[in-house]
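**Q** below is the structure, and that's it, no one-letter string:
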């Protein structure tokens, strides 16, 4: 026999003559969770070897590696087979999600192998997102632990409805039925509130193979299926075919004038030619004329199929919209509540703007409120101002444009989203939608007869938001003050929003944490926008240390209205000047979160105006701003004239 | 009750979804076409994804000048038959310096004629997304790679800093100069590939079928003497043997296996019963543990 363990192969050997039949297997995606010592990697190695997925050359490499890095003495260390990255092999831990594959004559399996430590919660969430079942490993000697609860809670949050409780190392407790029974009972008591459709406890020994693919003689008291039997037969689809039809439009296929096909994957339910559908965002209705695939038209398409739909009528549909069953429409809203798992090293801050992405849609999003943080070990709600990496919380999110969605509990495909950092493009977080939020009393935007243009014209000026950013003591207030004096003398209508002054009134309730700084800037940016709307030239003089918030402010204004002005004074010079005595206090540790000392300042990358202050008089700096305004006004004039022709 | 989709139906649907996602969100995608069986499947899926339109992107073949002659003939025939836009790139610096596997070894040859050549081609055309046929079951470091795998402006993969990939919602955002390698076959195994080729009757290079071929036994591998650039070492002889290939690359680096499987059914049967992994036939993976991770970090596919 050329394979690892001859006795393990009985019943799973694939008959090559059945090759053609092999095309009719079903597919199950599952997740394994457990920590280093639970034997997770050993279990996966065992499943792969029992189903003949380990080849001779891989085994040879494994034996070599086992001698070098292994922890099992003379025996083959299966963990090394699955820990793919060099850093993982050296440190003996699983860091990232890895995907493994094996198959039996009945099913193909895709295994998301995820790390168990709390600092890798995000990796587990990633693996869980595409899985329909989770194997939760328990060390029979330890029973239900904090980590068992955490893994189960994360699986539940990510919508997994089927759990296999693999009570491992049953050999080390003498194959004791009492231990098995007690753990199974403890777990069911704990898991009652987590919404699982099935919990299947199985006593196993991953190392020796008991009840993995072969029924063990050591557990005569256990009458349930082996792990592999259960994985081969468990039904995870449930009532999915009866769910309402959802079809997020991914791509409009238009090879010629006669063919306008909406390409996408059926997210739930099914559709047949002749069925009525509704365009979720517009409410327009039509009927399906054809279901096109390269292999010929289909009469019916079901959940999971990638097809192209042709409709009877010329309705307006583009990527990001969704075709749905008219009798059960999804929500369309620009605000909703959601559970968020945070991935990024930069904490999630209420008030900060992110890019939200759903199945096929995208919108600018702001977390308007962090209701609470969720302790993933106990489900306890904790008050919080921000979410750090690997933390989970419940939030309210507001969008610049409405999207279409279902609650995640009703539909994983249309109730999920990711949040992307605008600056780094990192996938910063992932969310599961709870329910839509309606704005109080349907407040609509009032259109007013006197426009911003007429207000500006009455003042005979082009409004502007001149945004001064720089360290404390860099000279912002001096520049702002002098600039306003000169503009005022020239007959301009102006106002200064000063960081310190605003904190005496409008922002009196805010402190200096990162979250409060973000909110501080958001409010000031909105006030500046109202002033520009009123026709004023507003000078904003704020440290505004974060790029993301300055960019957020910029996006509130139209082209040419906003100037980011970097008052660039080196920290050494600011510390030397220390006109308010703040640096001395900060350096002595008396002030916390002081920009430049123990809180970062992110310098502008492409400011409209870059004022290097060292060795220059304030008059000189202000003239530079005035020159920029002159150039802008001239450009605006030309544009206006041109537009009038 | 509706008919359940088979695992191949689901894999196909996932791949088609990925193709469409790229076409909808990137400015300038390209498909890397390496002429092998995985590329044949990839091409077949691309044709399906956009039917009745043609795929809205060109196909790029990075030619190391050491591919089997039958591969090149097959490539040109497929381009003619399916009518896709085929770009061929050769690293002319490497040609000028006479780089080849016999004279410079597999590492240098692969680096110059494949990895560097690929970077040259991507830079030359400014592609922001490139499809590749890599699968996660091929090698350990690939098991951890994302379907949408980010590359910085120097084409470098950072395995410790990958974007989390949730559900089927892909983060397709890149800054100018950065790009994404996209792997629609990530979740396919070698067995899936062969079963799908069988089911869909997908054309593949004839080298995959067993036939009497002139081979030389060298360093434990059976090398097909495809042209006169291969010089025999003392003691070596060319023998005609019944062989086929499980994977195709540069002919001096790709070992044949002895087999009688001359049709698809028998190839699938042999694959399912195989005792060794397919990459065993590739000289470049055996140099040292973690060698694929290193190559990938440098920009290899």
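**A** On my side now, so go ahead. A quick note: this is a predicted structure, and the numbers were derived from the prediction, not measured.
**Q** from what I can see residue B:204 touches residue B:196, true?
**A** No. Using C-beta atoms under 8 Å, residue B:204 is not in contact with residue B:196; the gap is 11.2 Å. For every residue, glycine as well, the C-beta is placed using N, CA and C.
**Q** which one's more surrounded, the two?
**A** Under the neighbour definition other C-beta atoms under 10 Å in any protein chain shown, residue B:204 and residue B:196 were set side by side, and residue B:196 has more, 24 against 21.
**Q** spit out the contact partners of that one.
**A** Neighbouring residues of residue B:196 by C-beta atoms under 8 Å, 6 or more residues apart in numbering or on different chains: A:23, B:8, B:11, B:12, B:41, B:188, B:202.
**Q** close to chain B: what parts of the stretch 251-400 of chain A are there?
**A** Applying C-beta under 8 Å from any C-beta of the partner chain, we find that the stretch 251-400 of chain A lies next to chain B at A:251, A:253-255, A:259, A:263-265, A:270, A:292-295, A:300, A:302, A:304-306, A:308, A:319, A:343, A:355, A:357-360.
**Q** hmm, try it at 7 Å
**A** Counting by C-beta under 7 Å from any C-beta of the partner chain, the residues of the stretch 251-400 of chain A close to chain B are A:251, A:253, A:255, A:259, A:263, A:265, A:270, A:294, A:302, A:304-306, A:319, A:343, A:357-359.
**Q** which of the residues you listed count as buried?
**A** Among those, the ones that count as buried by 16 or more other C-beta atoms under 10 Å in any protein chain shown are A:251, A:253, A:263, A:265, A:270, A:302, A:304-306, A:319, A:343, A:357-359.
**Q** narrow these to those in strands?
**A** Among those, the members found in strands (DSSP state E) are A:251, A:253, A:263, A:265, A:270, A:302, A:306, A:357.
**Q** could I get those residues as a markdown table with distance to residue A:351 and pLDDT?
**A** Formatted as a markdown table, these follow (distance: C-beta to C-beta, whole Å; pLDDT from 0 to 100):
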| residue | distance to residue A:351 | pLDDT |
| --- | --- | --- |
| A:251 | 34 | 96 |
| A:253 | 40 | 96 |
| A:263 | 37 | 98 |
| A:265 | 35 | 97 |
| A:270 | 42 | 93 |
| A:302 | 43 | 93 |
| A:306 | 39 | 97 |
| A:357 | 20 | 97 |
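**Q** looking at those residues, which is nearest residue B:53?
**A** Residue B:53 lies nearest to residue A:253 out of those, by C-beta to C-beta, at 5.6 Å.
**Q** so the closest residue to that closest one other than its chain neighbours is in which element?
**A** Leaving aside its chain neighbours, residue A:253 sits nearest to residue A:261 (4.1 Å; criterion: C-beta to C-beta, 6 or more residues apart in numbering or on different chains). Per DSSP states H and E: residue A:261 is located in strand A:259-265.
**Q** okay, strands next: where are they in the stretch 451-600 of chain A?
**A** A:464-469, A:494-498, A:537-541, A:562-568 (DSSP state E, counting those that start in this stretch).
**Q** what of the stretch 1-150 of chain A?
**A** Using DSSP E, counting those that start in this stretch, strands in the stretch 1-150 of chain A cover A:26-33, A:98-103, A:107-113, A:133-139.
**Q** got the contact list for the first one?
**A** Residues from elsewhere that reach strand A:26-33 (C-beta atoms under 7 Å, 6 or more residues apart in numbering or on different chains): A:40, A:43-44, A:107-114, A:116, A:124, A:127-128, A:130-137, A:151, A:155, A:160, A:231, A:236, B:4, B:6-7, B:10.
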